[in-house]
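Engineer: quick one: sequence plus predicted model below, questions after.
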Amino acid sequence: MTHQHAPKNKRGLWSSRFGFIMASAGSAIGLGNIWKFPYITGMHGGGAFVLFFIFCILTVGIPLMIAEMIIGRHTRKDPVGAFKSLHGGGWLLTGWLGVIAGFLILSYYCVVAGWAVDYLWLSLKGTFTVKHAVQVPEMFANLLSSDLSQLFWQAVFMGMTILIVIGGVKSGLERANKIMMPVLFLILLILAGFGLNSPGGAQALRFLFSPDWSKLDPPAMLEALGHAFFSLSLGMGAMLTYGSYSDEETSIPKVAITVSLMDTLVALLSGLAIFPIVFTYAMEPAAGPGLVFKTLPILFSRMPGGSMIAILFFLLLVFAALTSSISLLEVVVAYYCDEKHWDRRKATLVMGGIIFLLGVPSALSNNILKDLHIIGERNFLDSIDFACTNYILPLGGLLIAIFAGWVMSKGIIKGELLKGSDKINLYPAWRFLIRYVSPILVALVFLNKAGFF
Ligand code: PHE
């Protein structure tokens, strides 16, 4: 064991346990919950997909989040440095995979977040007050048909991400989280309430929760598993990096369980807001990546106070995306600061710039580059998203689970896991899940998709 405690004075710490929970929840809750969860649920037929997704959160997601945070807090390093100090050798690749995933995911994340910024701008201009239901999907098509607007908003969003990350852990990442997340939750609750009271409400409930297991084919299973990773920010060291800024007194299992439950709830609420509109207006549940943008504005143009609610909603959506994008950039920046000894400002500006450029083909993939299909019929943006969510994150997660369950010293893990916790000893249950259940489930889903059974 070559591990030594790194000097802590050079790295920031969250100011409180609450701050740590809010930051991790901020990373988890983002476009994955509001943009992606509803649209992939729609594509994969609803209920069975949703229930399998929740099953993956419970059996793989929560144990893995605990594992990542423990590794981060114990080593106080970026993902590559963490594996280097604990074991070295081939395990470094796991850290590397995480940094690469950070690059790739953030590149297209900024493009989709850019759509949300565009919608915030439209809602500020009052665009959603006058729309007829059929005009709303056209507005989205207009946005996608303009490469320039997409590049512009992508740049705006990346600029905001860079500014916050330069600010550092406490001042930059933590403060705003505490107010915005609860408000987002409240707005979603209101939207879901409205949705459920509309004519399509009952059908939406049925679609989301009554399973038709025949729809859960191997690609749907892999997508649900992959999305559990994506949505909880797992498999690439984001939670590891955030754990590295946690103090010694916080109970990591408590944080991980709270964050995972909040994340799942927000995804479900977002589904409950969107699908009633889909069914009320006889839209297509499998409409794809534009789903949220084609549905919610209809609700805003119908409900009392809708134009204000639209502004608030898109503001919070942009904010939720920002608290996730900063955690993606943080993984990359932490690596260059810790391992390459760059200063934070330089690392953030240079890497943010490179990731922006990497995202340009994604921004162009709906118009100029729309005929460039990479994986199947998917365009560039969807292909990178598909590859990251379905392969890179589950693979990273599988490796981290094996490392935490089989390679890392039992004493270290037990010590970290029990810190700050009082009554219940979660260690035996966690160890069983991380050693057997998580790796076997991920392996089975992979093999299933590859056609082994
Ligand atoms: N969890 C974020 C979301 O749901 C995305 C993300 C993935 C963030 C991986 C960090 C790491 O939007």
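Structural biologist: Received it, and whenever you're ready, just let me know what you need.
Engineer: all helices for the stretch 351-453 of the chain, in order.
Structural biologist: 380-387, 393-402, 410-418, 427-432, 438-449 (DSSP state H, counting those that start in this stretch).
Engineer: so which bits of the host helix or strand of residue 350 are buried?
Structural biologist: Under the criterion DSSP states H and E, the helix or strand holding residue 350 is helix 344-363. When neighbours are counted by 16 or more other CB atoms under 10 Å, the buried residues of helix 344-363 are found to be 344, 347-348, 351-352, 355-356, 358-363. To be clear about C-beta, it is placed using only N, CA and C from the backbone, and glycine gets the same treatment.
Engineer: try stretch 414-431
Structural biologist: When neighbours are counted by 16+ other CB under 10 Å, the buried residues of stretch 414-431 are found to be 414, 416-417, 419-420, 426, 430-431.
Engineer: now do that stretch: distance from first to last residue.
Structural biologist: Across its full length, stretch 414-431 reaches 9 Å between end residues, using CA to CA, to the nearest Å.
Engineer: quick one: contacts of that stretch?
Structural biologist: Outside stretch 414-431, the residues that touch it by CB atoms under 8 Å, 6 or more residues apart in numbering are 17, 63, 66, 70, 73-74, 248-254, 405, 413.
Engineer: tell me the pLDDT of the residue of the stretch 51-200 of the chain found nearest the ligand.
Structural biologist: Closest contact between the stretch 51-200 of the chain and the ligand, by CB to the nearest ligand atom, is at residue 105 (5.6 Å). Per-residue pLDDT puts residue 105 at 98.
Engineer: who are the contact partners of it?
Structural biologist: Contact criterion CB under 8 Å, 6+ apart gives 230, 236, 328, 385, 388 as the residues in contact with residue 105.
Engineer: pull out the buried positions in the strand or helix carrying it.
Structural biologist: Residue 105 is part of helix 92-124 when elements are defined by DSSP H and E. For helix 92-124, a neighbour-count test (16+ other CB under 10 Å) marks 92, 94-120, 122-123 as buried.
Engineer: tell me the angle that helix makes with helix 344-363.
Structural biologist: Per axes from the mean of the first three to the mean of the last three CA atoms, to 10 degrees, the angle that helix 92-124 makes with helix 344-363 is 70 degrees.
Engineer: closest residue of the stretch 301-450 of the chain to the ligand?
Structural biologist: Closest residue of the stretch 301-450 of the chain to the ligand, CB to the nearest ligand atom: residue 324 (4.0 Å).
Engineer: next up, identify which helix or strand that residue is on.
Structural biologist: Counting by DSSP H and E, the secondary-structure element that holds residue 324 is helix 306-338.
Engineer: could you give the angle of that helix to helix 344-363?
Structural biologist: Regarding helix 306-338 and helix 344-363, their directions subtend 120 degrees when assessed with the same axes, to 10 degrees.
Engineer: now do the buried residues in helix 306-338.
Structural biologist: Buried residues in helix 306-338, counting neighbours by 16+ other CB under 10 Å, are found at 306-307, 309-338.
Engineer: quick check: residues of the chain near the ligand?
Structural biologist: For the chain, the contact set with the ligand under CB under 6 Å from any ligand atom comprises 27-28, 30-33, 105, 230-231, 233, 236, 238, 324, 327-328.
Engineer: out of those, who has the most neighbours?
Structural biologist: Top of those by neighbour number is residue 236, holding 33 neighbours under the definition other CB atoms under 10 Å.
Engineer: any stretches of the stretch 1-150 of the chain with poor pLDDT?
Structural biologist: Within the stretch 1-150 of the chain, the set of residues satisfying pLDDT under 70 comprises 1-10, 130.
Engineer: what ranges does it have for its helices?
Structural biologist: Residue ranges of the helices in the stretch 1-150 of the chain, as given by DSSP H, counting those that start in this stretch, are 17-28, 31, 37-43, 47-56, 62-75, 79-86, 92-124, 135-144, 147-167.
Engineer: show me what the fourth one is packed up against.
Structural biologist: Here helix 47-56 is seen to pack against helix 37-43, helix 201-209, helix 218-231, helix 252-280 when contacts are counted using 3 or more CB pairs under 8 Å, 6 or more residues apart in numbering; DSSP states H and E.
Engineer: go through the helix or strand just after the longest one and flag the buried ones.
Structural biologist: It stands for helix 252-280. Proceeding N to C from helix 252-280, the next assigned helix or strand is helix 291-302, under DSSP H and E. Of the residues in helix 291-302, 291-301 count as buried by neighbour count, 16+ other CB under 10 Å.
Engineer: and the residues you listed as TSV, adding distance to residue 447 and pLDDT?
Structural biologist: Output for those, formatted as TSV (distance: CB to CB, whole Å; pLDDT from 0 to 100):
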residue	distance to residue 447	pLDDT
291	30	95
292	33	95
293	36	95
294	36	93
295	36	91
296	38	91
297	42	92
298	42	90
299	42	86
300	44	89
301	47	87
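Engineer: so which of these is the closest to the ligand?
Structural biologist: Looking at these and their distance to the ligand, the nearest is residue 292, at 12.5 Å (CB to the nearest ligand atom).
Engineer: I figured the closest one hits residue 32, correct?
Structural biologist: No. Using CB atoms under 8 Å, residue 292 is not in contact with residue 32; the gap is 11.8 Å.
Engineer: does residue 182 sit in a helix, a strand or a coil?
Structural biologist: Using DSSP: H, G, I helix; E, B strand; the rest coil, the secondary structure recorded for residue 182 is helix.
Engineer: so which bits of stretch 152-168 are buried?
Structural biologist: Neighbour-count burial for stretch 152-168 [16+ other CB under 10 Å]: 153-158, 160-162, 164-168.
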